[in-house]
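Enquirer: Dropping the sequence and predicted coords here.
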Amino acid sequence: MSLKDQITEDMKTAMRAKDSGRLGTIRLLQAAMKQKEVDERITLDDAAVVAIIDKLVKQRKDSIDAFTKAERQDLVDQEKAEMLVLQAYLPARLSAEEVATEVKAIVVELGASGPGDMGKVMGAVKTRLAGKADMGAVSAAVKAALG
């Protein structure tokens with residue numbers, strides 16, 4: 001079963017269980033997926049769905065930071081709940097050590113040295129680790145490997 005089909009089934013389950021919080025988050029995710037399909041006239045595969053979920057999770061993290069600064073705990077709790085629902089659809093993430101190992105291997109493959117090659121390395125890393133690791137952690141690992 002594809003990830004897209006799994007999300008649809010989970011939406012039906014949430015409807016039957018009358019779980020309004022989960023249902024709202026899944027509908028938000030489906031709307032983002034449908035928007036991407038309509039805009040680009042494509043059918044999403046699992047990798048594209050994971051990219052959309054990653055984007056939505058990042059938005060939730062940014063919102064949590066903003067709401068924390070504004071001392072709006074009610075909104076922080078809502079965003080955290082949505083983020084947990086979304087993260088359930090993401091594949092298992094690589095640990096920091098695994099990310100560092102992958103980055104070092106890519107740096108060696110490309111023969112990169114110094115901060116000037118960061119763009120080249122990041123391009124290769126993004127294609128290989130897309131959906132498997134947090135890109136913020138990846139960027140820090142690339143800086144450490146090139147610095």
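Expert: Received, thanks. Numbering: from 1, shown residues only.
Enquirer: So which residues of the chain form helices?
Expert: 3-17, 20-40, 46-69, 73-87, 96-110, 118-129, 135-146 (DSSP state H).
Enquirer: Dump the ones you listed to a markdown table, plus mean pLDDT and mean neighbour count.
Expert: Quick note: C-beta positions are derived from backbone N, CA and C, even for glycine. Output for the helices of the chain, formatted as a markdown table (pLDDT from 0 to 100; neighbours: other Cβ atoms under 10 Å):
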| stretch | mean pLDDT | mean neighbour count |
| --- | --- | --- |
| helix 3-17 | 96 | 14 |
| helix 20-40 | 96 | 15 |
| helix 46-69 | 93 | 16 |
| helix 73-87 | 96 | 16 |
| helix 96-110 | 86 | 16 |
| helix 118-129 | 84 | 16 |
| helix 135-146 | 84 | 17 |
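Enquirer: Report the separation between the residue most central in space within the chain and Arg41.
Expert: Most central in the chain under Cα atoms, centre = their mean is Asp54, positioned 1.8 Å from the mean C-alpha point. Computed as Cβ to Cβ, to the nearest Å, the Asp54 to Arg41 distance reads 22 Å.
Enquirer: Not counting sequence-adjacent ones, nearest residue to Lys104?
Expert: Ranked by Cβ to Cβ, 6 or more residues apart in numbering and with sequence neighbours excluded, the top spatial neighbour of Lys104 is Ala145, at 5.5 Å.
Enquirer: residue contacts, that neighbour?
Expert: Ala100, Val103, Lys104, Val107, Val121 (Cβ atoms under 8 Å, 6 or more residues apart in numbering).
Enquirer: 6 Å instead, please
Expert: The contact partners of Ala145, by Cβ atoms under 6 Å, 6 or more residues apart in numbering, come to Val103, Lys104, Val107.
Enquirer: of all those residues, which comes closest to Ala133?
Expert: Using Cβ to Cβ, Val103 is the member of the contacts of Ala145 that sits closest to Ala133, with 9.5 Å.
Enquirer: Next, count neighbours for Asp117.
Expert: 15 (other Cβ atoms under 10 Å).
Enquirer: Next, find the distance separating it from Ala145.
Expert: Distance from Asp117 to Ala145, by Cβ to Cβ: 10 Å.
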